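Colleague: sharing a model that was predicted from the sequence below.
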Number of protein chains: 2
Amino acid sequence: MARGIPDLIIRGGTLLSMVEGESPVEDAAVHVREGRITSILSGVDTAQRRSNHTQIIDADGGIIMPGLVNAHTHAAMSLFRGFADDLPLKKWLSERIFPAEAEYLNPETVFWGALLAFVEMAASGTTCVSDGYFFQDETLRAAHKVGIRALVAQGVIDFPAPGVKDPKDNIEVARRFIKRWQDFSELILPGIFCHSPVTCSEVTLVKAWEVSQEFHLPLQIHLSETSEEVGEIVKRTGKRPVEYLDQLGVLGPGLIAAHGVHLEDEEIDRLRETDVKVVHVPESNMKLASGVARVQQMVKRGLVVGLGTDGCSSNNDLDLFLEMDTAAKLSKVFNHDPLSLDAKTVLKMATSWGARALGLEDEVGTIEVGKRADMIVVDIGEPHLCPLYDPYSALVYSASGADVKDVVVGGKILMRDRKFMSLDVREVMERVRRIAEGIAI
Amino acid sequence: MARGIPDLIIRGGTLLSMVEGESPVEDAAVHVREGRITSILSGVDTAQRRSNHTQIIDADGGIIMPGLVNAHTHAAMSLFRGFADDLPLKKWLSERIFPAEAEYLNPETVFWGALLAFVEMAASGTTCVSDGYFFQDETLRAAHKVGIRALVAQGVIDFPAPGVKDPKDNIEVARRFIKRWQDFSELILPGIFCHSPVTCSEVTLVKAWEVSQEFHLPLQIHLSETSEEVGEIVKRTGKRPVEYLDQLGVLGPGLIAAHGVHLEDEEIDRLRETDVKVVHVPESNMKLASGVARVQQMVKRGLVVGLGTDGCSSNNDLDLFLEMDTAAKLSKVFNHDPLSLDAKTVLKMATSWGARALGLEDEVGTIEVGKRADMIVVDIGEPHLCPLYDPYSALVYSASGADVKDVVVGGKILMRDRKFMSLDVREVMERVRRIAEGIAI
C-alpha cells in the first residue's frame, strides 16, 4: 500500500463507506495516493499531512460516498433520447431504433453519443459503467476521454449490425476488440455482449461464452426482458431461458444478465447456484411495459443484483439516483410491502453490489483503504435535502444526480463543483445536437 | 384586458402553451402586464414594445411553459422528510407521524416547514399548490411570503389534532379560517380539508361540505388511498367509499379527492357524473405500498385528474417533474401498455388538468392571453436534455426540477436564474434544521 503524503484529500463530510456493517462517519477525511485510498480519518485536523501538491476537495458538510455503478447501459443510445417514446418494445426496437441505428450509427456518431452519455453519468455521480453496444472502439475512446471506469463490451447479434455487416464475423470482431484493448488502461476493460438468447443462436452464445472465458472477462446479455422473449425461447427449445442457457453451459460467475424481468423461483435459484449476476433496470422496464423484476425475491434468495439505467432512449436519462428511488418505490408497490427494498439495500445495489456484478468488488464499490479512489461528494445544501435525518434515505428518496458536487475516479478529479476539469461539455452537446438534426429529418 | 407596454417579457424559448390542440411555438415571446398575459408572439423583435420599466427574462432557447400545479400536498410535512421511511402506512402514520405531529407541530414550526416546502416547490417549477394540513394560518402566511399561488385548506379530523384539541371545534375552526382569509389576496384561497371518510364522521363530512358550498370553495379529502380504508368503510356502512359519500350528498364539482387508488369502474363513473376531481399521487402510493391508481381508466372515462406529490414525508421530495416521469412509467408497466399515459397527457395532468382540479382553469394552467402569468422557463442546457427531439418527452422523461431556471407567478418573478428574488433560502433551511434537531432527539 502506498504510504506518505496524499495526492488528494476529500474532507469535511459525512462518509458512507458502504462497507457492510459500517455506520456513517461524521466529519470524515479520505486520503488518496496514486489512485488508491490510503486512510480514512474522522474529526481530526487532516491538514498536517498535506503537501503543496495535495489537492483538497472540501465536502462542505455534504455526503462522501462511493461513486455509483451503472451496471447496464448502451451509452451511445443517448443519440436517440426521446426519439421514439410511448411505443411497444417490439415496435420501438424494430421500427424505430434498429432502422435508426442502421442508418445513423458510425464510428463518429457513436463516439460523440457515448461521450455525451459518460459526461451525463459522471455529472450525476456514476463512476463505473458496464456498456454493451456496437462500434465499441469509439465507446471505449469516449470512456477514456471522460476518465470514467468502464467495462466496454462489443455487441454480438445474429443479424447484420452497425459495424458488423456479416453476422458470421460477429464473434471474431468481438474477439479482436478484446485483444486490441485488454491492456490499454487500468480504468477500462473490454468485453463481449450477446444481445439476447432470442437474437443469438446457440453457436453464437457458446462461442461468446468461450471468448469471455478465454480472456477472463464478463459476458453481458439481455435475459428474460419481456414475456414475448421468454415465449419465443420456450417455443424454440422447449425450455425457459435460464434452463436453455444452462444446457448450453454458459451460466457462470462471469455472466452479467440484464433485466431478468420474467424469472421464476427455480430460475433465480439456478442463477444463484451458478453465481450469475443480475442487473435490475426498473425505469426502462416500466417505460417499455416489460414488467417488474422480482428483485425482492432475488435478494432474499442470495443473488447479486446490480442496478442499471439501460440506454437512455428507453429511460430517458442516465441518473442512477433517480433509478434508485424508482427501484425502491416500485418494489414496495409491486410486492404490497412498504418494507421491500429499503433505502440502504438500494444504495448497495448501486454501489458495492454493482461492483460485484461487474467482478470489480476488490477494486471499487466501497470506500476502504486499499481500494481505488472512486468517490463522489453529494451536496446537501438544496431545500429538497432539508432536513436530513438519515443519509441513506436522503440519497435514495430525495437526491438527484444534480446534487452531485464532485466526482473522483481512480484518484483523478473529473468534476469539481459541477465543472468538468478537462472536457468542454458544451462542445460535446453541440456535436450531438448536430448529429441529431440529421436523425430528426 | 390590460393593453400597452408590458411589465414583463419572457422571450427566446420554445413555448408550450398546453392549450388543447396548440403546437409548440419556436422563438416565442410572452408579454405580461399587471399580472396577466397580454400577448404571445413568435419570431419577432419584441424589444420595440418595451419600456425602461419592462423586466426581461431571456429563455435562452429553453422551454417556456405554464407553471406546474401540485394538486395535493401537506407542505409543512417537509419537517418530517426522511424521518420515518420503509414502514407500513398504518405504522408510519400512527406510530411515527401522528405522535411527531402532536409533539412538534405549532404555529412556528408549521410556518417554517411550509415555507421550506413552498421554496422547494417553486424552485422545481410548481407555481400553484393545493395544501391541506393544520395551523393553516401559518401555511397561508408562508405561501404569501414565497409568492406561490395556493389553495390552503384547514384540516378537519375527528380526533384531537394539532391546533384543534377538541374535535368538536374542527368545523368551526375551519369556517373561521376561511372567513379570515377569503379576501386576503388574489393568489391565495383558503379552504377546508377532511382527512378521510374513515377519520371523519358522517356529520363532520356533511358539515365540511356545507362550509365549502357556503363559501364556494373546494373541499379536499383523501379518498380510497388504501384497501384497509375501503374495507373499513364497507364494514361500517355496507357501502364502498364513493357510494357512501354519494349518499351523504358530498359528491360535487367542488370535491377534490386525493389518491383514488382503490376505485372500481362504477365509482370512477359516479365521480365523473358528479364532476368530482381526482388527484393522482403515484410516488407516495408506491412508497407506502398503497397500490396503483387506475389513472388510464379514469382518463378514458372522462375524469379530470390532477397530479400531486403528497407531503414530502412519504415521497420524499416535492418535484413534480419527477412525479410526472413516475406517473407515466408506472401507468405503462401497471397496465402492460407502453402507450398508457404518454408524455403529453401527463404534462396536462400537471398543468391544465391540475388547474381544473382546483377550479382555477379560468385563471391558470395554460399560457393564453388573459390568463394569470404563472409561467416557468426550463433550461435545456444540461447533458441529460441533449439531444431534444420532442419537448414533451424531454420534460417528462428527462428533466427534473433542477432544470427550472425562472419562475413567475401572477407576473412577479419569484426565481431568476435559480436565485430567489426576495427570500433568503439559507435562512429558511437553517430554521428548519434547528426544528429538526429537536425532532430527531
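Modeller: In hand now; what should we look at? Please read all numbers here as calculations on a predicted model, not as lab measurements. Residues are numbered from 1 along each chain as shown, chains lettered A, B, ... in the order given.

Colleague: tell me, what residue is most central in chain A?
Modeller: Geometric centre of chain A, nearest residue: A:Asn70, 1.6 Å, by Cα atoms, centre = their mean.

Colleague: quick one: contacts of the lowest-mean-pLDDT helix or strand in chain A?
Modeller: Lowest on mean pLDDT, DSSP states H and E among the helices and strands of chain A sits helix A:89-91, with a mean of 80. Residues outside helix A:89-91 that contact it (Cβ atoms under 8 Å, 6 or more residues apart in numbering or on different chains): A:Glu225, A:Thr226, A:Glu228, A:Leu288, A:Ala289, A:Ser290, B:Pro338. C-beta: built from backbone N, CA, C; applies to glycine.

Colleague: again, only using 6 Å
Modeller: A:Thr226, A:Leu288 (Cβ atoms under 6 Å, 6 or more residues apart in numbering or on different chains).

Colleague: picking that back up, so the residue nearest to the centre of chain A bridges to which residues?
Modeller: A:Val129 (DSSP bridges).

Colleague: show the contacting residues for it.
Modeller: A:Met121, A:Thr126, A:Val129, A:Gly308, A:Thr309, A:Leu320.

Colleague: over to A:Gly401?
Modeller: Applying Cβ under 6 Å, 6+ apart, one finds that A:Gly401 lies in contact with A:Ser124, A:Gly125, A:Asp319, A:Phe321.

Colleague: dump those into TSV; add pLDDT and distance to B:Arg372 as well.
Modeller: Below are the contacts of A:Gly401 laid out as TSV (pLDDT from 0 to 100; distance: Cβ to Cβ, whole Å):
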residue	pLDDT	distance to B:Arg372
A:Ser124	98	35
A:Gly125	98	38
A:Asp319	98	33
A:Phe321	98	34
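
Colleague: may I see these arranged in TSV, with secondary structure as well?
Modeller: Below are the contacts of A:Gly401 laid out as TSV (DSSP: H, G, I helix; E, B strand; the rest coil):
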residue	secondary structure
A:Ser124	coil
A:Gly125	coil
A:Asp319	coil
A:Phe321	helix
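
Colleague: farthest-separated two in the residues you listed?
Modeller: A:Gly125 and A:Asp319 (8.2 Å; Cβ to Cβ).

Colleague: burial count for A:Asp166?
Modeller: Look at A:Asp166: counted by other Cβ atoms under 10 Å in any protein chain shown, it has 9 neighbours.

Colleague: ditto for A:Cys128
Modeller: 27.

Colleague: quick one, phi psi at the closest residue in space to it that isn't next to it in sequence?
Modeller: Once flanking residues are discounted, A:Cys128 sits nearest to A:Arg149: 4.1 Å by Cβ to Cβ, 6 or more residues apart in numbering or on different chains. When read as degrees, to the nearest 10, the backbone of A:Arg149 gives phi -80, psi 130.

Colleague: ok, A:Arg149 touching A:Leu187?
Modeller: Yes: shown here, A:Arg149 and A:Leu187 form a contact pair, counting by Cβ atoms under 6 Å, at 4.9 Å.

Colleague: which of these two has more neighbours?
Modeller: A:Arg149 (26 against 20).

Colleague: from B:Val19, how far out is the more buried one?
Modeller: Separation of A:Arg149 from B:Val19 (Cβ to Cβ, to the nearest Å) stands at 48 Å.

Colleague: same deal with A:His259?
Modeller: 40 Å.

Colleague: swap in A:Val19?
Modeller: 55 Å.

Colleague: and chain A, which residues reach chain B?
Modeller: Proximity of chain A to chain B, by Cβ under 6 Å from any Cβ of the partner chain, involves residues A:82-83, A:85-88, A:116, A:119-120, A:286-289, A:316-317, A:329, A:332-333, A:336-339, A:342, A:383-384, A:386-387, A:389-390, A:393-394, A:397-398, A:400, A:402, A:429, A:432-433, A:436, A:440.

Colleague: those residues in helices, which ones?
Modeller: A:116, A:119-120, A:286-287, A:329, A:332-333, A:393, A:429, A:432-433, A:436, A:440 (DSSP state H).

Colleague: just the buried members of those?
Modeller: A:Leu116, A:Val119, A:Glu120, A:Met286, A:Lys287, A:Lys329, A:Lys332, A:Val333, A:Ser393, A:Met429, A:Val432, A:Ala436 (16 or more other Cβ atoms under 10 Å in any protein chain shown).

Colleague: columns pLDDT on top of those residues, output as JSON lines?
Modeller: Output for these, formatted as JSON lines (pLDDT from 0 to 100):
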{"residue": "A:Leu116", "pLDDT": "98"}
{"residue": "A:Val119", "pLDDT": "98"}
{"residue": "A:Glu120", "pLDDT": "98"}
{"residue": "A:Met286", "pLDDT": "97"}
{"residue": "A:Lys287", "pLDDT": "96"}
{"residue": "A:Lys329", "pLDDT": "98"}
{"residue": "A:Lys332", "pLDDT": "97"}
{"residue": "A:Val333", "pLDDT": "97"}
{"residue": "A:Ser393", "pLDDT": "97"}
{"residue": "A:Met429", "pLDDT": "98"}
{"residue": "A:Val432", "pLDDT": "98"}
{"residue": "A:Ala436", "pLDDT": "96"}
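
Colleague: among the residues you listed, which pair sits farthest apart?
Modeller: A:Ser393 and A:Ala436 (37.6 Å).

Colleague: identify the farthest-apart pair in the ones in helices among the residues of chain A next to chain B.
Modeller: Longest span within these, Cβ to Cβ: A:Ser393 and A:Ala440, 40.8 Å.

Colleague: which parts of stretch A:81-91 are buried?
Modeller: Applying 16+ other Cβ under 10 Å to stretch A:81-91 flags A:Arg81, A:Gly82, A:Phe83, A:Ala84, A:Asp85, A:Asp86, A:Leu87, A:Pro88, A:Leu89 as buried.

Colleague: tell me who's in contact with the residue nearest to the second one when sequence neighbours are not counted.
Modeller: Taking Cβ to Cβ, 6+ apart as the measure, A:Gly82 lies nearest to B:Ser393, with 4.0 Å between them; neighbours along the chain are not counted. Listed by Cβ under 6 Å, 6+ apart, the contact set of B:Ser393 reads A:Gly82, A:Asp85, B:Ala343.

Colleague: find the nearest non-adjacent residue to A:Ser185, please.
Modeller: A:His144 (6.3 Å).

Colleague: and the gap between the one you found and chain B?
Modeller: Plainly put, A:His144 is 18 Å away from chain B if you go by Cβ to the nearest Cβ, to the nearest Å.

Colleague: roughly how far apart are A:Leu322 and A:Ser398?
Modeller: Using Cβ to Cβ, A:Leu322 is found at 11 Å from A:Ser398.

Colleague: again, but for A:Leu360
Modeller: 28 Å.

Colleague: likewise A:Leu217?
Modeller: Distance from A:Leu217 to A:Ser398, counting by Cβ to Cβ: 37 Å.

Colleague: please apply the same query to A:Ser227.
Modeller: Taking Cβ to Cβ, one finds A:Ser227 at 34 Å from A:Ser398.

Colleague: which of these two has more neighbours?
Modeller: A:Ser398 (27 against 13).

Colleague: which residues does the more buried one contact?
Modeller: A:His384, A:Leu385, B:Asn316, B:Asp317.

Colleague: let me know the pLDDT of it.
Modeller: A:Ser398 is assigned a predicted lDDT (pLDDT) of 98.

Colleague: run a quick neighbour tally on A:Asn106.
Modeller: Applying other Cβ under 10 Å, we find 14 residues neighbouring A:Asn106.
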